[in-house]
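> sequence-free structure coming up:
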């Protein structure tokens, strides 16, 4: 079976060299005589893997020393609880910008434990833009300020140069769908987190990057396993971590490093996105759904004016090996997720197919 | 590199045919053109995998229809919080038998959310036995009664024929280290749970089997991701599950089925354990640490009378390819974990080596 171009929003494509290396090492890793899946998490061999994963991540993202890096479980959905449970230390208040379904889930979860002030929302136009902020609406006594940096479903994105200016209030960013896809200044955030299954590795590991002064004051009701302190103090080895997912993530980090680091990857991502956006801007059949200045580099929703045509396109594309192009049910149409591992050839081939489809229909 | 005999307490050995199949399918699964690690959890291909995993597990363990099966994240340590958060519905009281470090952690976590009555403990003799119970100490108004069915660190085990008689109070059992190693009557329990990394699959997936009347009354402060209701209602697909770990678990379930089901596996485990226990009972150098009637089939701690000799044994065994035999720091000496995937040849070879070591020293 030939490999397809997989435009899934997540879990999604992994770099082929990573898969091939994982395959080669699957039964016996190095000179250990066992699979990574069989290794004690307290063994020297696994400690080397997790330490190397952390140090590569720190290097690639330029994570300052006063931030802890944790490899956790439970996905971004668990972070929606961990953030208030750990950061509601003073007034149990948070500010939040509502830019989509994931921000809404973070809002609902935090509201269990305190008060969340919605500073702005783009719900009025099905989240097709990043709303401008009125600083007078910020809470001066918030424990944190929450944004979804890249919105997987709607295809919008905060530019790193246009983050909310929250002063001393820690900015919390969900970067599940754009971690390591573009250069970020970690020091502008208090907390960054990402489920692995888009740009990092297999589902089952979640990365949390937390400034150290925000750790150690969890609410009394916080379950031990949801306390950042437990995991940072134990270097993500308080209990058995998702070892194999961390190992594959390490291989992905090595691949990023070999490809020019995050800076090199960002350049490729900008080229890839331009190929598709340029076509969408000139096409008479297809159009992007997001306002130009807020377009994501990772998730590109697009539509035709006709639901039947959308369905026909998705079906024919799939038959040609361009799979998982169906848009999220709340947006309709199509969505191409072009994460780090999607090669530019895949995007070009998709655009060629779209051109041919447009001519024929 | 030749494969070793890995006596690790967890993560631990997986069946070689499982690893070889996972290796073969790693880059391209079936006719999907992608790795299982790259599959959308909402795809038909992955739905087939998780449904097949659940249905095999139900068949192999004989799980009645009024029990929900969930594939979760966070390990047994997260269950220590989920159990009280979901089961403290009436009096916020639990009974618990303290048979080791994991029971102690479950006790500490549940004490955050209610009152835990320690019905009995074997701490007085470093947890080397399962304590007899005095029914007059049971709380008639407890929301649940908690036991660790197999104690990984200390090598003790509840016989399935000698479970506490808790009447209408739901019995909660941690079966992390003996799930599917012996036949269990699931209907005797309210909740059973197990981290995968010993008898099921790679670390990162946790199985919870919960009677349906115990679902749906979580405490208000329960994080969404820690609510059994969310996961059961969504068939473990509320958010992205640890897909690859679930897939490997499915392969392990298939392997168990091919090897006579849990009944066939139990027979092999009893044979394996007998080989080692029989030797320990006749050896003049080595002895088991657990009282005979409470011996685990899975985790077999043993010692010599001399710390230096223990260290020498562990070192020489490792050089011969019998690895991870060092006992837990709280017990000392050695521990051989002989989970389902350890072949009888591994145990026999270990005993041969022990005999030779005894003669030479």
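Arrived safely. Keep in mind the model is a prediction, meaning the values are calculated, not measured.
> burial of the nearest residue to residue A:323 once chain neighbours are set aside, as a residue count?
Nearest non-adjacent residue to residue A:323, counting by Cβ to Cβ, 6 or more residues apart in numbering or on different chains: residue A:4, 4.9 Å away. Backbone N, C-alpha and C define where each C-beta goes, glycine included. A total of 19 residues lie near residue A:4 under the criterion other Cβ atoms under 10 Å in any protein chain shown.
> tell me the contacts of residue A:11?
If you count contacts by Cβ atoms under 8 Å, 6 or more residues apart in numbering or on different chains, residue A:11 has them with A:197-198, A:202-203, B:37-41, B:240, B:243.
> how about 6 Å then?
Remark: with contacts taken as Cβ atoms under 6 Å, 6 or more residues apart in numbering or on different chains, residue A:11 is in contact with A:197, A:203, B:38-39.
> doesn't it belong to a strand?
No. Counting by DSSP: H, G, I helix; E, B strand; the rest coil, residue A:11 is not part of a strand but coil.
> where's it relative to residue A:25, distance?
Residue A:11 sits at a distance of 21 Å from residue A:25 (criterion: Cβ to Cβ, to the nearest Å).
> that older thread, most neighbours, which of the contacts of residue A:11?
residue A:197 (34 neighbours).
> need the pLDDT of it.
On pLDDT, residue A:197 comes in at 95.
> any idea how far residue B:244 is from it?
Look at residue A:197 and residue B:244: by Cβ to Cβ, they are 10 Å apart.
> separation between the closest residue to residue A:182 other than its chain neighbours and chain B?
Distances taken as Cβ to Cβ, 6+ apart place residue A:266 nearest to residue A:182, at 4.3 Å, with adjacent residues excluded. Computed as Cβ to the nearest Cβ, to the nearest Å, the residue A:266 to chain B distance reads 22 Å.
> what helix or strand does residue A:266 sit in?
According to DSSP states H and E, residue A:266 maps onto helix A:261-282.
> ok, residue A:312 next?
Going by DSSP H and E, residue A:312 is in helix A:307-319.
> confidence score at the residue nearest to residue A:158 when sequence neighbours are not counted?
Nearest-residue entry for residue A:158: residue A:149, 5.0 Å, with adjacent residues in sequence omitted and distances by Cβ to Cβ, 6+ apart. Note on residue A:149: pLDDT of 98.
> if I pick the nearest residue to residue A:90 once chain neighbours are set aside, what's in contact with it?
Distances taken as Cβ to Cβ, 6+ apart place residue A:143 nearest to residue A:90, at 5.6 Å, with adjacent residues excluded. By Cβ under 6 Å, 6+ apart, residue A:143 lies in contact with A:87-90, A:93-94.
> count of residues packed around the one residue in the stretch 251-361 of chain A that gets nearest to chain B?
Taking Cβ to the nearest Cβ as the measure, the stretch 251-361 of chain A has residue A:324 as its residue closest to chain B, at 5.8 Å. Applying other Cβ under 10 Å, we find 25 residues neighbouring residue A:324.
> my read: it touches residue A:7, true?
Yes. Counting by Cβ atoms under 6 Å, residue A:324 does reach residue A:7; the two are 5.0 Å apart.
> please enumerate the strands of the stretch 101-250 of chain A.
With strands called from DSSP state E, counting those that start in this stretch, the stretch 101-250 of chain A shows them at A:115-121, A:144-148, A:150-151, A:156-157, A:171-174, A:191-195, A:206-211.
> sheet partners, orientation included, of the third one?
Read that as strand A:150-151. Paired strands of strand A:150-151, with direction, are strand A:156-157 (antiparallel) (DSSP bridges).
> distance from the strand it pairs with to the middle of the chain?
12 Å (Cα atoms, centre = their mean, to the nearest Å).
> now it: mean pLDDT?
Here strand A:156-157 scores 98 as its mean pLDDT.
> who's in contact with that strand?
By Cβ under 6 Å, 6+ apart, the residues outside strand A:156-157 that reach it are A:130, A:150, A:290, A:294, A:296.
> now the second one: how far from chain B?
Same thing as residue A:150. Counting by Cβ to the nearest Cβ, the gap from residue A:150 to chain B is 16 Å.
> pretty sure that residue sits against residue A:296.
Yes. Counting by Cβ under 6 Å, residue A:150 touches residue A:296, with 5.4 Å between them.
> buried sites along stretch A:232-243?
For stretch A:232-243, the neighbour count (16 or more other Cβ atoms under 10 Å in any protein chain shown) marks A:232, A:235-236, A:238-243 as buried.
> which one of those is nearest chain B?
Closest to chain B, out of all of these and judged by Cβ to the nearest Cβ, is residue A:242, at 3.1 Å.
> can you pull the contacts of that closest one?
Shown in contact with residue A:242 (Cβ under 6 Å, 6+ apart): A:73, A:204-205, B:203-204.
> for these, give me a markdown table that also has pLDDT and distance to residue A:80.
Below are these laid out as a markdown table (pLDDT from 0 to 100; distance: Cβ to Cβ, whole Å):
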| residue | pLDDT | distance to residue A:80 |
| --- | --- | --- |
| A:73 | 98 | 14 |
| A:204 | 97 | 17 |
| A:205 | 98 | 17 |
| B:203 | 97 | 23 |
| B:204 | 97 | 20 |
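> so where does residue A:358 fall, helix or strand?
helix A:344-360.
> just flag the most distant two among the contacts of strand A:156-157.
Taking Cβ to Cβ as the measure, the contacts of strand A:156-157 span a maximum distance of 11.5 Å, between A:150 and A:290.
> the two: which is more packed in?
Using other Cβ under 10 Å, the more surrounded residue of residue A:150 and residue A:290 is residue A:150, with 29 against 25.
> which residues does residue A:116 contact?
A:94, A:96, A:107, A:110.
> next, give phi and psi for the second one.
Right, residue A:96. Per-residue torsions, residue A:96: phi -150, psi 140 (degrees, to the nearest 10).
> pLDDT score for it?
98.
> for the residue nearest to it when sequence neighbours are not counted, name its beta-bridge partners.
Of all residues not flanking residue A:96 in the chain, residue A:146 sits nearest, at 4.3 Å (Cβ to Cβ, 6+ apart). Note on residue A:146: beta-bridge partners by DSSP bridges are residue A:96, residue A:172.
> isn't residue A:146 up against residue A:173?
No. Applying Cβ under 6 Å, one finds residue A:146 not in contact with residue A:173, separated by 8.1 Å.
> quick one, the helix holding residue A:358 and helix A:307-319 angle?
Counting by axes from the mean of the first three to the mean of the last three Cα atoms, to 10 degrees, helix A:344-360 lies at 140 degrees to helix A:307-319.
> so which bits of helix A:344-360 are buried?
Neighbour counts using 16+ other Cβ under 10 Å place A:346-347, A:350-351, A:353-354, A:357 of helix A:344-360 among the buried residues.
> and that helix, average pLDDT?
On average, the pLDDT along helix A:344-360 is 98.
> and for it, what's in contact with it?
With Cβ under 6 Å, 6+ apart as the test, helix A:344-360 has contacts from A:5, A:272, A:275-276, A:279, A:285, A:313, A:320, A:322, A:338.
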